[in-house]
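[1] Got a predicted structure here, sequence first:
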Amino acid sequence: MKATKALFGILTITLSVLGGAGVQAQSLPTNGLVGEWLAGTTNLTDVSGYSPPGTHDGYIVGAGNYFFTNDVPVGASGQSLWFWNGDTGIAIGNSSTLDANYTNTFDNPINDAFTVTFWARGFPGAWNPWVSKNGEPETGWQLRNDGGVIHGQPYACFTVRDDSHSTIPIPVGYPVYGNPDDLDSSIASDDGSWHFYAGIFSAVTGVRSLYIDRVLAAQESNNVAYNLAASEHLCIGAKDSPPGDNFGSFSSFEIYDVRVYNRDISYPPVVCCPIPEPVAPSFTLQPVSQVVGSGQSITFTAAAAGNPPPAYQWQFNGSNIPGATGATYTVPSTSVTNIGWYDVVIANSVGTNTSSSVSAAFMDLNMLAAVYITGPIGANYLIEATPALGLTNWTTLTNVTITSQPFIYVDYSSSTNGRQFYRTIPQ
């Protein structure tokens, strides 16, 4: 079914960052930039300035389930886009020969050399792309999930279809299923943090490289110009399969500042990729004190940022609680044994930070008996109780000295006793 090329309604959602802080965002080059989307704005407009306005704006394909969120890489501004339901992607307008106003920006002009960069938090589904210009079966390119076939878990894979022309063995990285078209990363990045990806291709130098957070994750030589996928759209979070306007391979992840260049920006050496910078842990959400009914549960919640992502350790009255190492801690049933002061310590390789101490308490509503005595100051009285009048076995509760008028004695055991009668006897 052909997707309608119009923006769906956009919903913005604000989130607190609960995961790792990722790496530090830095300035990227603009020389050779031919497309840029999701660079902090809450729209799908191409902001590269390379083509006339409106030429290569994005539009939603699939079900339209996405949010803009303030969860962005450390040092970045604006908002990222979150494909939250695995059924939605973005196609770039006028990037397919099927489009009435097709503009040849992402086909022949980048056939000999191109670079694709973006920030992502989370991984696409097996074999699905972050960014693609088809890439299957033997045309185009994509930066995608490798299906977990090399390492037993998902790694990034930079696929460029040049008829397996590149060299094996690959000095850094791996060929998936022995096919050098699929250049597989040597660095794991499916850890829930923000990561910066740069796929760099040149038929001029013959070198294809994949960088993750400025570190060379895979590289091969002897590449040639790849087979164009002119009828398929450039896509973010999706893939357009032959014969075009055939969108699928959707996934759930966050993505920020997607860029396409018409040159190999690794020559000169890669300046695009940010240097990981350690960041001391800090709280973005502090726990708060709570009061509940006796026997009810209490859940304390905290949120932290830092690089590397901070670890959590909850404490009760200054001592570590075994196994309490998440962003939340629940007291399952309040009692006199677990009321007190709680805090959480966050730590990474840079340092530690301790939250404010918060209290856990419970309350009960009880009906209590009170004996009012109005007598001379300094007088002494005996207070007794019995369950029934006429009995001779009165029980002494206490001896009191009048210090105020009236003097009030509260029988705190009366909430659990049956009917009681009280009397006072001068001493």
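    The structure has been received and is ready for your questions. Numbering: from 1, shown residues only.

[2] Neighbouring strands of the helix or strand of the chain with the lowest mean pLDDT in the sheet, and parallel or not?
    Lowest on mean pLDDT, DSSP states H and E among the helices and strands of the chain sits strand 174-176, with a mean of 87. Strand pairing for strand 174-176, using DSSP bridges, gives strand 179-184 (antiparallel).

[3] Just the C-alphas of stretch 209-221, formatted as PDB.
    Extracted C-alpha coordinates of stretch 209-221, given in PDB (Å, rounded to 0.1, in the frame of the first residue of the first chain):
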ATOM      1  CA  SER A 209      34.500   2.100   7.600                       C
ATOM      2  CA  LEU A 210      32.100   2.000  10.600                       C
ATOM      3  CA  TYR A 211      32.800   4.100  13.600                       C
ATOM      4  CA  ILE A 212      30.900   3.900  16.900                       C
ATOM      5  CA  ASP A 213      31.600   6.800  19.300                       C
ATOM      6  CA  ARG A 214      34.700   7.800  17.300                       C
ATOM      7  CA  VAL A 215      36.200   4.300  17.700                       C
ATOM      8  CA  LEU A 216      36.800   2.300  14.500                       C
ATOM      9  CA  ALA A 217      34.500  -0.600  14.800                       C
ATOM     10  CA  ALA A 218      34.900  -2.200  11.300                       C
ATOM     11  CA  GLN A 219      36.800  -1.400   8.100                       C
ATOM     12  CA  GLU A 220      37.500  -3.100   4.700                       C
ATOM     13  CA  SER A 221      39.200  -2.200   1.500                       C
END
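
[4] Measure how buried Phe118 is and give me the count.
    A total of 22 residues lie near Phe118 under the criterion other C-beta atoms under 10 Å. The way it works is simple: take the backbone N, C-alpha and C, and place the C-beta from them, glycine included.

[5] A strand includes it, no?
    Yes: the assignment for Phe118 (DSSP: H, G, I helix; E, B strand; the rest coil) places it in a strand.

[6] Next, the contact list for the residue lying closest to it once chain neighbours are set aside, please.
    Excluding the flanking residues, the one nearest Phe118 by C-beta to C-beta, 6 or more residues apart in numbering is Val258, at 4.3 Å. By C-beta atoms under 8 Å, 6 or more residues apart in numbering, the contact list for Val258 reads 35-38, 116-118, 131, 236.

[7] What's opposite Val258 in the beta bridge?
    With DSSP bridges as the rule, Val258 is bridged to Trp37.

[8] Touching, Gly378 and Gln405? I think so.
    No: between Gly378 and Gln405 there is no contact under C-beta atoms under 8 Å: 11.3 Å.

[9] More neighbours: which of those two?
    Between Gly378 and Gln405, counted using other C-beta under 10 Å, the more crowded position is Gln405 (11 against 8).

[10] Let me see the contact set for the more buried one.
    374-375, 377.

[11] Now do the SS call for Ile255.
    Going by three-state DSSP: Ile255 is strand.

[12] Any idea how many residues pack against it?
    Going by other C-beta under 10 Å, the residues that sit close to Ile255 add up to 24.

[13] Can you give me the buried ones in stretch 132-145?
    Neighbour-count burial for stretch 132-145 flags 132-136, 139-145 (criterion: 16 or more other C-beta atoms under 10 Å).

[14] repeat for stretch 412-427
    Those would be 414, 422, 424, for stretch 412-427 by 16+ other C-beta under 10 Å.

[15] Return the member of the contacts of Val258 nearest to Asp213.
    Ranked by distance to Asp213 (C-beta to C-beta), the contacts of Val258 are led by Thr117 at 11.7 Å.

[16] hang on, the closest one packs against Ser209?
    No: counting by C-beta under 8 Å, Thr117 stays clear of Ser209, with 11.9 Å between them.

[17] Understood, closing this out.
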